[in-house]
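K.L.:
Fold the following for me, if possible:
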Amino acid sequence: MQTGIHFENGQVYTWIMDENRTIEKEPTVLHGSWTDYMTELTVSPAGRKGSYGIVMDGLNHSKIEEAKELSERLGIVEGLRLYTKEEAALGLVQYQQNDLDKGKTAIFDYRKNHMDYYEVKKQSDTIVVEKQDFTDIMSQAMSNSQKDQFFLKVIGKALAKGVTTTVYLCGEGFEGNWFTKSSRTLCIGRRVFMGKHLFACGAAYMAGKDAKEEQDGAFILTETMTICQIGLTLCHHGKDVFCPILPAGKPWFEAKGKIQMMVSGINKLVFELRDKNGIKQASVFMTLNGINKDSDQVYKLEIQGEYLSPDQCKMKVTDQGFGSLRPSSHQIWQQVIHLERGDFRE
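P.N.:
Alright, predicted model coming up:
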């Protein structure tokens, strides 16, 4: 059983996938914290079966660790995973089996006075997810007729390029049947669906064991995602090979990595920053003070990387010695790399 839960604005939206059936629960009011809600939900053995995919805003390292600890404490069988809306949007498209070869899928997320637009499309062999914020346009609407008028403007901007075959409307902002003219425009040559549980549905799908593998072939271009690969170019069997430590296009709070390597005759490392296509964009030097630059002296180094924010990552290098020939000095070098995001939509 896979359960998707979307926490937003004090509401809880739940979608359950159980074998060949799906259950869409009525939205409920959230009392207390999300961890309190999950604890109460999984109080019975039945509630601890399967996996849970959680969607919420403001994800960070602490919430990811909080989810891991909660999963272990509650004994949830397949674990509890946290997703961004971008990831849930990708899960929704994959669950609905939208054919991206025929055109893009669009999701308009309208919550109170805030409107975000998610676009899922195929570029070459890669699935790309992009996000745009149209709140500045929709916030000008003072009546339902103005909402309809401004939403038409949003549609024109969002769907101007390429072919869009499927559109989803999500959020309480679409309640009231105010979008008469804009809905007619949306439906021209497209399939249009509306629901409150779309992100919960996507999270439920992503919580499945195989869904994460499908997601690994996707690239998400939004402000919460990492904007480049960071790694080292190493010599392997006489050829230079780029070894990524930190990936591109992944949630920054999940982007971690490490490698081990043998070095001699150097006292610095050169980290390369590459775009999603593997093209080098910049280099960052890291001095390893205290290392003997003797070509006969071999060091085994462990290099770890993790993001501190979408635009900052920390690289940590640890001297692990060289077996019985040279014990570890336990020396550690650390450096924070600041990234210029620029136009991440390219």
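
K.L.:
For the spatially most central residue of the chain, give me the pLDDT.
P.N.:
In the chain, the centroid-proximal residue (CA atoms, centre = their mean) is Pro251; its distance is 3.7 Å. With respect to pLDDT, Pro251 scores 81.

K.L.:
State the distance from it to Lys63.
P.N.:
Using CB to CB, to the nearest Å, we find Pro251 at a distance of 11 Å from Lys63. Just so you know, the C-beta spots here come from the backbone N, C-alpha and C atoms, and that holds for glycine as well.

K.L.:
And for Arg190?
P.N.:
Note on Arg190: its distance to Lys63, by CB to CB, is 36 Å.

K.L.:
And stretch 102-110, what's buried?
P.N.:
Buried residues in stretch 102-110, counted by 16 or more other CB atoms under 10 Å: 103-110.

K.L.:
Just to be sure, which of those are found in helices?
P.N.:
Per DSSP state H, helices hold no members of the buried residues of stretch 102-110.

K.L.:
Please tabulate those residues in JSON lines and include pLDDT and distance to Gly202 as additional columns.
P.N.:
Conversion of the buried residues of stretch 102-110 to JSON lines gives the following (pLDDT from 0 to 100; distance: CB to CB, whole Å):
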{"residue": "Gly103", "pLDDT": "93", "distance to Gly202": "19"}
{"residue": "Lys104", "pLDDT": "95", "distance to Gly202": "16"}
{"residue": "Thr105", "pLDDT": "96", "distance to Gly202": "11"}
{"residue": "Ala106", "pLDDT": "96", "distance to Gly202": "14"}
{"residue": "Ile107", "pLDDT": "97", "distance to Gly202": "9"}
{"residue": "Phe108", "pLDDT": "97", "distance to Gly202": "15"}
{"residue": "Asp109", "pLDDT": "96", "distance to Gly202": "12"}
{"residue": "Tyr110", "pLDDT": "94", "distance to Gly202": "17"}
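
K.L.:
Looking at these, which is nearest Ser143?
P.N.:
Within those, the smallest distance to Ser143 is 15.6 Å, found for Tyr110 (CB to CB).

K.L.:
can you list the residues that contact the host helix or strand of Met38?
P.N.:
Met38 belongs to helix 34-41 when assigned by DSSP states H and E. The contact list for helix 34-41, computed with CB atoms under 8 Å, 6 or more residues apart in numbering, reads 5, 7, 12, 30-31, 47, 52, 54, 56, 66, 70, 74, 80.
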